Structures are given as structure tokens and as C-alpha cells.
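> Could you look at this predicted model? Sequence included:
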Number of protein chains: 2
Amino acid sequence: MATTSTSRVTIYDVAQRAGVSKSLVSLVLRGSPQVSPARREAVQQAIDELGYRPSRAAATLAGQRSNTIGVVIDDFANLWFVDLLAGLREGLAGTTFHVSVADAALNSHLAESPVHGYLSARVDGLVIAGEPRTADAAGVGVSTVVVGVRRQGVAGADLVFADEAAGSAAAVEHLAALGHQRIAFLAGDSGPALERERSYREAMAARGLTLHATPRGGTDEASGHAAAATLLADEPQVSAIIAANDLMALGAWQALREAGRSVPADVSLVGYDNSPIAATGIVDLTSVDARGAEVGRLAAQALIARIDDPTRPPTTTSVQPRLVLRGTTAPPPR
Amino acid sequence: MATTSTSRVTIYDVAQRAGVSKSLVSLVLRGSPQVSPARREAVQQAIDELGYRPSRAAATLAGQRSNTIGVVIDDFANLWFVDLLAGLREGLAGTTFHVSVADAALNSHLAESPVHGYLSARVDGLVIAGEPRTADAAGVGVSTVVVGVRRQGVAGADLVFADEAAGSAAAVEHLAALGHQRIAFLAGDSGPALERERSYREAMAARGLTLHATPRGGTDEASGHAAAATLLADEPQVSAIIAANDLMALGAWQALREAGRSVPADVSLVGYDNSPIAATGIVDLTSVDARGAEVGRLAAQALIARIDDPTRPPTTTSVQPRLVLRGTTAPPPR
DNA sequence: ATAGAATGGTCGAGTTTGAAC
DNA sequence: AGTTCAAACTCGACCATTCTA
């Protein structure tokens, strides 16, 4: 079995052992139907006996394709991508593509950007689930789909994103239906956060309600806390808060607690992303589900189609978000 | 710039344009000091003008090394690995290794295991941060470090893990110092969970306290909820609960709330992992910090050393965990 | 079903160059 | 002027596959 062979076992070794040519081994490896069952069996046996592992590098070099799809995300700490990856995988079922994930931080010790790394790796497709670099705006030379609403586009890429407008509208509608009038929005400066804010403004205007949007800041828990604290000091009459994401909502909750306001009795709270943290029973945060899994599934579809025909015109697909009602929203206090 | 060249630009094209041999281009690419500034400059200019991207596949094939480290984790949804990756990256600073992350689920549409995928990719090193497959116990033929306490070992691999015994002991000690006697443990069936349970038992025995460990179940929120619900029904006199991880602690908290017991006034609660979710102000869960970043840093060190000298005897390194005190522990009710 | 060219790099050995002895 | 030597550069075999014929 695990013979400590001096050199690696190659396709030649397998071919020799099975008594066939190396080309035939290659065919078996890639599951070609043009191989007789007897030969296939013999080759497979030789592979097992020798413990042969095909070299992906050689296959990529010779085949001009890596059979790999690269996924670039902003940050592993951002929980949103967990769903996205799950959907991506689902959409890739039935294909033989490998999936490789990189975040900008992970390889920050190298000068190179993740996108360039994947380009060097000759990926067959690229999923950019974060803000694209300006340098990549002109196109990256490989089938690409950009996920999420981004400030920066990538030429020739397909687009898949959640319809943030519908999400904010649903949140506003839910709160308005409960009787809230003074509904605030905790704004952030990422692409999706901007879009969520924009549509919050629209939804409020459509109802003739007064806007209460905070200045744009970061999108983490501390930013949510700070923004909410300022908001509560300036406009204590606010009875509901929509945050640009769940983490900010948690920060806001903390600020509310510190201000002696209870959720949802005094103030209703709606997050955005429906992240795992919102779903825990102890947090139980009403949140807009951005449908990451569905976005991932559609992104996979778009990518497969583009790899199949790189000349097809870029498409734009949006997914309807869903408001997940939990325990942080209630009618305003009388 | 972006000339839509028919075929890819290769090292030959760059060499020709710069008026040097392809070997010299290769030397520039890898930052060799044996190149005159003038030539280096010329080559770099040619690279920029042509938009050349080296082929990693070719480099790996020719160089017999991929300059890549593969990281295998159980599941992206497990937040623990976020810290681990951060530490890994830190430990890899100054090297030119690329880092690639795969979880078992992500490529589940392929028959192949992540480890085998990385073997085919000819990674220079492997970090296994999950339960190794039995098939890999005999060794995988590449420098490997296993992270965390696992039931299954990998021959020849270095080991880096948090000292779970010290973690459980710290939790028990903290609770005992607050005056708790009836301290329960929510057990799970993963490698680390078993170890945490084992040392909980030891720490309790050392203090002459009666054990209250639940039967081992899953390690997710629902499992924590179920285990705690049963525990509260069977042994309502318990005044403190240590969970095998944070998610289980959240589930337990929910069960406590449903039973009308408040945290920490009626029952104290300690989680394990110090995950981001525990750190949020709204949850504020006392938790044992498994020091993922430190583990990652040490894993990187061990791996670098092993890649440097594959014959060195396997090492075992443990990291002292730290109990992070937050708002879910207090003296028992009188 | 197979031989042989092609893929795009790396690597070690060898060649050139120019200055120092 | 001839020899020596290191630094700078080039040559060509080789890596393990796929693809064409």
C-alpha cells in the first residue's frame, strides 16, 4: 500500500501496471464513456494499488482549465457568506468544479489580491462576494459573477443580489402596520447598507413618514451601538429602529438597554441579514432575510451558464428578501 | 493594455519583450537577488505592459511544490475557525505561502475528501482543524499539523490544541469561588467536547463536588436546549451550568428562560469558545476562550518547521485557555 | 486505444562578462 | 597580456498531464 516510493506515482506508473497507455488512464480519470469496462476496471485497480493521486497542476497546465471556481469574500467573520456558500454548493451540484474560498484578509501577507491569485490559478470562474477592487472594474478576463449590491462594477460580469429595496420596504411596512410612525434607520457605508438606507428613505417617504436616518458609519456592533446612542439622545421619541445589519442591531439593542428602554416593549428593533446570531432563541431578532442561499444558488447558475458561453450578455438577477418575524418587534407604547 | 490577445501571455512573451531569457524572467518573478536592477526593471515593465500573470499550475508542476498551505475545517458555520485563520495568517507572515481553506461540506458534491483534494493540489503543508478521517490516520504524505483535541490522530503530524483541562478547571473554579456547589455540564460528542467533559469531571472530583453531567448529544444550539431542559426537570437544584460550547450555552439559556429561571440570578451560565456571539453586548456570555488565534499562530509555526525539516519528530503543543468573565455568572441564590 | 506534441513554468549546469590580481 | 572569479545571465531537460491526429 503506502510504499514509501522514492518518487511520486504518476499516470505512467498506473498505465504500466494496468498494461495500457497513459492516454487511456487519462480517459478513465475523467470518466470518458469511450473506455471498455474491462480496461476501466484494470486501470481503477492499478490506481488503488499504487495509491495514485492525479496532479492537479499538470492537469490544469495541460488542459488549459483548472476545473475550479474561486470565491472571494470580504471577511470570514461576516456570517452572511455561510449561507451564500451553502447555496453556491447546491447550485454546483452535478458539476465537477472544485470550490476555493479566499477572503481579502487571509492572504494579506502576500502583496497579491485574491482575484489575482485566482487568475494565476487559472480558475474557470470567479464569484466576487464583496466590493470589487477598482483595478478590476474593466474586467478580469474570466467568467465572473458579482454577488450583492456593490458600488463598483466589473465589466462583463453577471450580477446577483438581494432586492434590498423590497427588504427595507417590508421592514417599514411591518413596523408601520404595528402602528409605528417614528421609525429610524441605522446607516452604514457598505454597498448593501447604502442600498438598504436608500430604500428605507423611499418607503418612509411613500408613507409620508418623517425620516430618522443616522449618519453613515461603520457596519459593526460598535458602530450600531454608537449610532443608536446618539439617536436616542437626539430623538428619544423614536419607537422603532431598523439596522443596516444584524450586528449593528445588536449594538443598538445594547444602547437601548443602557438607556433603560426595553425591546420590544419600548422600542422595536429589526435587523438585516437573518444571520445565525439573530436566529438563536436567546437573541430572537426580527430580521430581513437576504436569502444568501438563494443568491448563492443563482450565482452558481449564472456562472455555469457564463462558463459555458462566455459571450452571452451579462445578466442581472435579484432575489426577493423575506422579513423573518421574531421577538423584537411589537406595537409602540401608547 | 488589455489587448485581447488570442492566447495567454506566457513567460516567453515577457522574456522576448524585455530582451532577456525566460530564466531571467523567472528569477525576477521569484525575487532573486541575482538580478541587476536594470534587467529587473525591464522585465517588470514588460510584465506590466503585457498584463502577464504567471501560471501557478506550471510553477507547481515544474517546481515540485505549490507554495500553498491547505486548511481543512469541519464547517464554515463553526465560528471558532475565524480566530484560528487569523492566527494562522499571522504565523505565516513573512512567508510566501498561499492559504487555501476548505470545509468538508463545501465540496461535498465531489466524492473526494478535502484532504485528498489538497494532496492532488500538491500542497506543501496541511492544517487539519477538524476530526481527521480514519483513512488518513496512517499519515497523508505531506507535512501536517492537527489542530484541536481529536479522537483520531494522524501519523507523523504535529499537534496543537488548547488545554481543555485547564479551561474546564477554570470554569469550575470560578463558579465554586462564587459559592456554587451543584455545577452541571452539558456534554457533547465532539473531540474537544469530550475533553472538556473529562476535565470537568476531574475538577469537580478534586473539589469533592457531585457530578451533574448530561448524556452526550450533539453540539449545536438545539442539543444544548434539549440537554438543559432535561437537566432542569431532573435536577432542578442545579445552580450553575457549564456548556461544551457557546452555542449549547445559548440553547441552555433559552431552556432556562422557558423554565422561568433567570440568568445569572437563579442559574449561572458558562460557555466555551468565546465565539463572537458570546462577546456581543446583548448576549454577554461568560465563556472559556480557547485562544483560537494563538493556536493558529503556533500551528503555523509548527507547520513551517516541519516543512523545513519533514524528518523532525512530531511535536505536541498546548495553549492555556482563558476564562472571560462576562455577565452570566453570579453567586447562587440563597 | 495510442503515440507524441504541447502546456508554462523551475532548476541545475554551463556560458559570458568585466574587473581584479 | 593572461588568469581567476564572482555575478549575471542563458540553455535545455524536466514536471505530469491533456489533446490532436
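Nice, I can see it.
> Show me where the stretch 201-334 of chain A has its strands.
A:212-213, A:240-243, A:268-272, A:287-289, A:316-319, A:322-324 (DSSP state E, counting those that start in this stretch).
> how close does the residue of the stretch 101-250 of chain A found nearest DNA strand D sit to DNA strand C?
Residue nearest to DNA strand D within the stretch 101-250 of chain A (CB to the nearest atom of the strand): A:Asp124, separated by 11.7 Å. For glycine as for every other residue, the C-beta is placed from the backbone atoms N, C-alpha and C. With distances taken as CB to the nearest atom of the strand, to the nearest Å, A:Asp124 is found 15 Å from DNA strand C.
> A:Thr144 is in contact with that residue, correct?
No: here A:Asp124 lies out of contact with A:Thr144, judged by CB atoms under 8 Å, at a distance of 10.8 Å.
> Compare these two (neighbour count), which wins?
In this view A:Asp124 and A:Thr144 are compared by other CB atoms under 10 Å in any protein chain shown, and A:Thr144 has more residues nearby, 28 against 21.
> Quickly list what that one is bridged to.
As for beta bridges, A:Thr144 partners with A:Leu126 under DSSP bridges.
> what about whichever residue of the stretch 151-300 of chain A sits closest to DNA strand C, how many neighbours?
Here the stretch 151-300 of chain A gets closest to DNA strand C at one residue, A:Gly156, 21.3 Å apart by CB to the nearest atom of the strand. Residues lying near A:Gly156 (other CB under 10 Å) number 18.
> swap in A:Met248?
Residues near A:Met248, counting by other CB under 10 Å, number 32.
> so who does it touch?
Applying CB atoms under 8 Å, 6 or more residues apart in numbering or on different chains, one finds that A:Met248 lies in contact with A:Leu186, A:Gly188, A:Thr219, A:Asp220, A:Glu221, A:Ser223, A:Gly224, A:Ala227, A:Gly271.
> in the stretch 201-334 of chain A, which spans are helices?
Using DSSP state H, counting those that start in this stretch, the helices of the stretch 201-334 of chain A run over A:221-234, A:246-258, A:276-279, A:292-308.
> Tell me the backbone dihedrals of the residue of the stretch 101-250 of chain A closest to DNA strand D, please.
A:Asp124 adopts backbone torsions of phi -80, psi -20, taken as degrees, to the nearest 10.
> Quick check: pLDDT value at A:Ala2.
Looking at A:Ala2, its pLDDT stands at 38.
> Revised request: answer the last question for A:Arg40.
We have a pLDDT of 95 for A:Arg40.
> Repeat that for A:Thr6.
Looking at A:Thr6, its pLDDT is 52.
> quick revisit: leaving out sequence neighbours, find the closest residue to the residue of the stretch 151-300 of chain A closest to DNA strand C.
Spatial nearest neighbour of A:Gly156, excluding adjacent residues (CB to CB, 6 or more residues apart in numbering or on different chains): A:Gly139 at 4.8 Å.
> Please tell me I have it right and the one you found contacts A:Gly153.
No: A:Gly139 lies out of contact with A:Gly153 (CB under 8 Å); the separation is 9.8 Å.
> now the strands for the stretch 51-200 of chain A?
Going by DSSP E, counting those that start in this stretch, the stretch 51-200 of chain A shows strands at A:68-73, A:98-103, A:125-129, A:144-147, A:158-162, A:183-186.
> want to throw the ones you listed into a markdown table with mean pLDDT?
Below are the strands of the stretch 51-200 of chain A laid out as a markdown table (pLDDT from 0 to 100):
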| stretch | mean pLDDT |
| --- | --- |
| strand A:68-73 | 94 |
| strand A:98-103 | 89 |
| strand A:125-129 | 95 |
| strand A:144-147 | 96 |
| strand A:158-162 | 96 |
| strand A:183-186 | 98 |
